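Enquirer: sequence first, then the predicted structure, then my questions.
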Amino acid sequence: MARLNLLEETRFEKLPVTVFDNPKQASIKVAQRIADLIRRKQGENAMAVLGLATGATPVGVYAELVRMHKEEGLSFKNVITFNLDEYYPMQPDADQSYVSFMNKQLFDHVDIDRNNINIPDGTLKLEDIPAFCLDYEKKIADAGGLDIQILGIGRTGHIGFNEPGSAPNSGTRLVTLDDLTRKDAARDFGGKSFVPTKAITMGIGTIFHAREIILMAWNGKKAPIIKKAVEGEMSGDVPATYLQLSDNVEFIVDTEAASLLTRFDTPWLVKDCVWDEMLTRKAVIWLANTLNKPVLKLTEDDYNNHGMAQLALEKGPVYNINIHIFNKLQHTITGWPGGKPHADDSQRPERAEPSKKRVLIFSPHPDDDVISMGGTFIRLVDQQHDVHVAYQTSGNTAVWDDDALRFVEFSIDFAKKMGFDAAPSEKLYEDMRNFLEVKRPNQVDTKEIQTVKGLIRKGEAIAGARYCGLEDDHIHFMALPFYESGKSQKNPVTTEDVRRTIELLQQVKPHQVFAAGDFEDPHGTHIVCFNIILDALAELRKTEAWAQDCWLWMYRGAWHEFETHEIEMAVPLSPQEVERKKYAIFKHQSQKDRAVFPGDDEREFWKRAEDRNRETARRYDELGLAEYEAMEAFVRWKF
């Protein structure tokens, strides 16, 4: 019976998918399978042939293999490796090369024979590539074929660099990279214009010959493409769907990457459910959106015809369910994000008391506060709460080089006009010009340039916070050390990051904390900053009564938005408040027009925020609730 239930749950899935709670657990399991192969082959006095991938996905696997080598004596002397791909052109000693990546993540830390390492050569002459690719295929065959091929998956559905349009029988070859793939790589290269347009990659046909294929994917950004690859029709538009043809493939994903698979996203379509409050709300909203109906117009036939008969039977009549969900949605809407003073708060998202709250808004970058919750920020100040804002990082990597020069030029002209000594600024300017003229893509700036860029963003943040109504002593700059590497790759979090956060929290003793819960941020900074806040509050909650009473609200908006069923507080904005929010964002001039790292959204940040806020309001309106100009959404973190 359990087996039948599993088959029913996964009936939309066209290949095996194993889901783990988190990437660490999954990576350890994959590493153990590779280690088991290596040890088995050692017992047979044979070579283990591994197909390896690069990128963020397999890093945990390589870390576990290195640990097993150092702590458990796992030897790689009987291992031959073939990497999937390499950018073209690419020097092997470049930071962005896959040679550098593999050395850093694996090869430099284990006892593999360097002669057994094979990575496509990004230095070849164009005319030599076809012969190299044929030889690469021959080497794989001569080694006995790939025992295990590990894969990641790109958002285009590429495996290796087999972009949309790749044939299922393709071999190793030179390919042109998809624009989205290059956008995703832009941060590693210091901008999309520096990302190579081509790559050498194993073909899908080459991958198919592996005796075991493991495709891994972590986090919610991969969820849409995982759904297409697993449940979609086979298509050259999504090359990973060709893996449905293999009997030797397994997808290993974390819960977030699996979140859009039918068994997790809309489980009522494949199985009986335990209808708790959150699942009921999600299902009813899904049904309303699917049928383009307001919640209160949903009928029993609507429920029965869309996999929700069990809900109607257990919780019905359906009109009562509709009213219940409608009321729950209605109660998320509030014009009082700090709580409405002296009001019944039993049906409100925030407490009424104390009527004037101490509020601390954490902003990972110097503009996330106004982009993501600028309207609520202004509303909290207007309603006379004691609002503080804390900018967790300097944001100095996201300023154009010519902007840094322009500000130093201003300081020179200002000094001369005011009769000050301009010589130090002139010397700094000359040094900066000399460095920037020969600066390589993604090269770390000098400390002086980092300082100038950080000051630019600090000035903009102060201007934005002042516009929202804050006094200067309520504006805090934390400069958390993990960020200050000067590189896109940040330092590990240390106790100093948490200590500074604890110190500020103790200083303010907030009743409310707002923090960025927008983990789709391609920089990865948001989730790091959020976890630092969690660590700090967890420590304080052990001893501080105020910390146990402190509510933590997550905001989004710069990169993503909460789903309607997740929202616990929706703050409506009038047309005038939308304008005020926009002008607060405009204070961040270095991020306007085109940011250094815009992600794959071409809109300016103010436009993204405005469109997302209007979309949230539209979704509420279509469900049958009041029509507002825009809404900012929040979810409360449960400790």
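Expert: Right, received. Where do you want to start?

Enquirer: what's the first-to-last distance across stretch 49-58?
Expert: 17 Å (Cα to Cα, to the nearest Å).

Enquirer: can you list contacts of that stretch?
Expert: 27, 34, 37, 79-85, 98, 101-102, 105-106, 140, 143-153, 160, 202, 207, 210, 216-218 (Cβ atoms under 8 Å, 6 or more residues apart in numbering). (Glycine included, C-beta is placed from N, CA and C.)

Enquirer: just the buried residues of it, please?
Expert: 49-55, 57-58 (16 or more other Cβ atoms under 10 Å).

Enquirer: same check, this time on stretch 516-533
Expert: Buried positions in stretch 516-533, judged by neighbour count with 16+ other Cβ under 10 Å: 516-519, 521-523, 525-530, 532-533.

Enquirer: same check on stretch 173-191?
Expert: 173-175, 177-178, 181-190.

Enquirer: all strands for the stretch 401-550 of the chain, in order.
Expert: Using DSSP state E, counting those that start in this stretch, the strands assigned to the stretch 401-550 of the chain run over residues 475-477, 512-516.

Enquirer: most packed of these?
Expert: strand 512-516 (a mean of 25; mean count of other Cβ atoms under 10 Å).

Enquirer: quick one: average confidence on that one?
Expert: Averaging pLDDT along strand 512-516 yields 98.

Enquirer: just the CA atoms of that strand, as PDB, please.
Expert: Taking C-alpha atoms only, strand 512-516 is exported to PDB below (Å, rounded to 0.1, in the frame of the first residue of the first chain):
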ATOM      1  CA  GLN A 512       9.700  44.700  16.200                       C
ATOM      2  CA  VAL A 513      12.500  43.700  13.900                       C
ATOM      3  CA  PHE A 514      12.200  43.800  10.200                       C
ATOM      4  CA  ALA A 515      14.700  41.700   8.100                       C
ATOM      5  CA  ALA A 516      15.100  40.700   4.500                       C
END
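
Enquirer: contact partners of that strand?
Expert: Against strand 512-516 from outside (Cβ under 8 Å, 6+ apart): 338, 350, 357-364, 368, 372-373, 376, 505, 526, 529-530, 533, 537, 550-556, 558, 634, 637.

Enquirer: cutoff 6 Å now
Expert: With contacts defined as Cβ atoms under 6 Å, 6 or more residues apart in numbering, strand 512-516 is touched by 357, 359-362, 364, 368, 526, 530, 533, 550-553, 555.

Enquirer: so where do the helices sit in the stretch 351-500 of the chain?
Expert: 368-382, 401-418, 423-437, 447-467, 495-508 (DSSP state H, counting those that start in this stretch).

Enquirer: likewise for the stretch 151-300 of the chain?
Expert: 179-189, 204-208, 223-231, 262-265, 277-291, 300-304.

Enquirer: from residue 527, how far out is the spatially most central residue of the chain?
Expert: With distances taken as Cα atoms, centre = their mean, residue 520 lies nearest the centre of the chain, 3.0 Å away. Computed with Cβ to Cβ, to the nearest Å, the distance linking residue 520 and residue 527 is 9 Å.

Enquirer: how deep is the closest residue to residue 538 other than its chain neighbours tucked in, by neighbour count?
Expert: Closest residue to residue 538 apart from its sequence neighbours, by Cβ to Cβ, 6 or more residues apart in numbering: residue 639 at 7.6 Å. By other Cβ atoms under 10 Å, the residues close to residue 639 number 12.

Enquirer: mind checking which of the buried residues of stretch 49-58 land in helices?
Expert: Among the buried residues of stretch 49-58, no member falls in helices (criterion: DSSP state H).

Enquirer: turn the residues you listed into a markdown table, columns for pLDDT and distance to residue 326.
Expert: Formatted as a markdown table, the buried residues of stretch 49-58 follow (pLDDT from 0 to 100; distance: Cβ to Cβ, whole Å):
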| residue | pLDDT | distance to residue 326 |
| --- | --- | --- |
| 49 | 98 | 60 |
| 50 | 98 | 55 |
| 51 | 98 | 53 |
| 52 | 98 | 53 |
| 53 | 97 | 48 |
| 54 | 96 | 49 |
| 55 | 92 | 44 |
| 57 | 95 | 42 |
| 58 | 97 | 46 |
